[in-house]
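Have a look; sequence and predicted model below, questions after that.
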Amino acid sequence: MKKLFIIFIVFFLVTNNVKAESRFGELTELRDDRMRGKENQWVRPHPGPFVWNNIEKEKGIFSWDKADEYVIYAQNHNQTTIATIWPYSNWEQKSCKRKKGRSPFGKRFAKYLSKPCSMDNYKTFLLALVDRYDGDGVNDMPGLNKPIIHWEVMNEPEFRMFFKGTEDEFVEIFNFSSKLIKSKQKDAVIIMAGAAGMFPESKKFWKSALPKIKENFDIANIHHISTPDGKCDKEFWVDEFANLLKSLKINKPIWVTEAMIGRCKVISTYIKAFANGAEIIIDVGVNAPGMKMSKKKRKKLNEFIKEVDGFKSMKVAADNQSAEFIMPDGSKKVIKF
């Protein structure tokens, strides 16, 4: 068992002018009634509707129906959305004869996964996207009452199944996107494209890329997907990720936006991830691809969330068998693990 390098940590959820009290969330897919997320928590639609190819199928013609559906559902259930931006559009990449990629999302996703042919074309889409959901009262989605503040630019770019490009191309897209969003929406919170764990290839990519984008994201982001046989990391990689950030002199809040338990113990893994620096943990959901969480583990997780969600701070006891959570009203809850 890895030694916790943080025994006591106080968490402040920094989201500029918007604060969400929940520490938990789920990946969501509205087509699956088991994957629509819980009320009053975070949701991260995945791959989600914020795909350039799905919104602007032809140049200058925008279709917002699917994206609006997600936003309306989220605000009706007081969910806080993390919107993943995918900078790919078939018509745009055909214009410079890009080669097709192969994503794990099937026909409903873009067929091309490379850098946009024209960053001006991408700029038009991105400005339209932010403009519709920023809540400034101009060109907003009809009925918008809970703006999207949190934007995650791309996803696991070190893997070619999500981005068919070089590290420098990723850096260019990321920095361009972040600066553009911030220029349009002053209170936007930019979430780093999720790192696909701390496997050697991921660590190598991010050790090089992070210093090049560190001025353009607010939240550091790590994913933990267990291997097909259920192999898992007992802190959702948060300890190693925190060490990587520290080695690069990057001081940012850490969120786990994809958490899959695998064969690890559910409560102790969540507690150790929080103790090592995670502020928010997003579960992959009950019907996500890969190893499913057992009903027993799912029940334990739901009970744990009900007990401690919204906690202000926490500490792990010296015996490493229990944790104390300080709740918003000042009360204490002790959870054994």
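Sure thing, it's come through. Numbering: from 1, shown residues only.

Let me see the ranges of the helices in the stretch 151-300 of the chain.
Using DSSP state H, counting those that start in this stretch, the helices of the stretch 151-300 of the chain run over 167-184, 200-213, 238-247, 266-275, 295-308.

Now the element after the last one, going C-ward?
So the one you mean is helix 295-308. strand 313-316 (DSSP states H and E).

okay, that next one in CSV with CA atoms only?
Output of strand 313-316 as CSV, limited to C-alpha atoms (Å, rounded to 0.1, in the frame of the first residue of the first chain):
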residue,chain,number,x,y,z
SER,A,313,-12.2,19.3,4.6
MET,A,314,-11.0,15.9,5.6
LYS,A,315,-8.2,14.1,7.3
VAL,A,316,-7.0,10.5,7.5
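
Quick check: which of the helices of the stretch 151-300 of the chain is buried the most?
The highest average neighbour count among those, using mean count of other CB atoms under 10 Å, belongs to helix 266-275 at a mean of 23. Placement of C-beta: from N, CA and C, glycine included.

returning to that earlier point: of the helices of the stretch 151-300 of the chain, which is nearest residue 193?
helix 167-184 (6.5 Å; CB to CB).

what helices or strands is the closest one leaning on?
The contact analysis (3 or more CB pairs under 8 Å, 6 or more residues apart in numbering; DSSP states H and E) places helix 167-184 against helix 119-133, strand 150-153, strand 189-191, helix 200-213.

sorry, back to before: which one of the helices of the stretch 151-300 of the chain lies closest to residue 143?
Of the helices of the stretch 151-300 of the chain, nearest to residue 143 by CB to CB is helix 167-184, at 20.7 Å.

which residues are contacting the closest one?
Helix 167-184 is contacted from outside by 85, 87, 114-116, 119, 122-123, 126-127, 130-131, 134, 151, 153-154, 157, 163, 165, 188, 190, 193, 205, 208-209, 212-213, 216-217, using CB atoms under 8 Å, 6 or more residues apart in numbering.

Generate a ChimeraX selection restricted to the buried subset of those.
Remark: buried members of the contacts of helix 167-184, expressed as a ChimeraX selection using 16 or more other CB atoms under 10 Å:
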select :85,87,114,115,116,119,122,126,130,134,151,153,154,157,163,165,188,190,193,205,209,213,216,217
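
Disregarding residues adjacent in the polypeptide, which is nearest to residue 297?
Spatial nearest neighbour of residue 297, excluding adjacent residues (CB to CB, 6 or more residues apart in numbering): residue 266 at 4.6 Å.

Could you count how many residues lie near residue 84?
With neighbours defined by other CB atoms under 10 Å, the count for residue 84 comes to 24.

so who does it touch?
44, 45, 46, 47, 48, 50, 152, 154, 155.

Would you confirm that the last one contacts residue 86?
Spelled out, that is residue 155. Yes: the criterion here is CB atoms under 8 Å, and residue 155 meets it with residue 86 at 7.4 Å.

Residues in contact with both of the two, list them for me.
What both residue 155 and residue 86 touch, as defined by CB under 8 Å, 6+ apart, is the set residue 47.

Poorly predicted segments of the stretch 151-300 of the chain, please.
Within the stretch 151-300 of the chain, no stretch falls below the threshold (pLDDT under 70).

Give me the residue at the spatial middle of the protein.
residue 257 (3.8 Å; CA atoms, centre = their mean).

Nearest residue to it in space, please, no chain neighbours.
residue 282 (4.6 Å).

Would you confirm that the one you found contacts residue 259?
Yes: with contact defined as CB under 8 Å, residue 282 reaches residue 259; the gap is 6.1 Å.

Can you pick out the residue with more neighbours from the two?
Each of residue 282 and residue 259 has its neighbours counted (other CB under 10 Å); residue 259 has more, 29 against 25.

Residues in a beta bridge with that one, which ones?
residue 224, residue 283 (DSSP bridges).

contacting residues around the residue nearest to residue 297?
Per CB under 8 Å, 6+ apart, neighbours of residue 266: 293, 297, 300, 301, 304.

Only C-alpha atoms, please: export stretch 144-160 in CSV.
Extracted as CSV, the C-alpha positions of stretch 144-160 are listed here (Å, rounded to 0.1, in the frame of the first residue of the first chain):
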residue,chain,number,x,y,z
LEU,A,144,-31.0,29.0,-20.1
ASN,A,145,-30.8,29.6,-16.3
LYS,A,146,-27.7,27.6,-15.4
PRO,A,147,-24.8,28.6,-17.7
ILE,A,148,-21.9,26.3,-18.5
ILE,A,149,-18.9,27.6,-16.8
HIS,A,150,-16.6,24.6,-16.8
TRP,A,151,-15.0,23.7,-20.1
GLU,A,152,-12.7,20.7,-20.6
VAL,A,153,-10.6,21.2,-23.8
MET,A,154,-10.2,17.7,-25.4
ASN,A,155,-9.7,14.3,-23.8
GLU,A,156,-6.7,12.1,-23.3
PRO,A,157,-4.7,13.6,-26.2
GLU,A,158,-1.8,11.2,-25.6
PHE,A,159,-4.0,8.4,-27.1
ARG,A,160,-4.5,8.4,-30.9
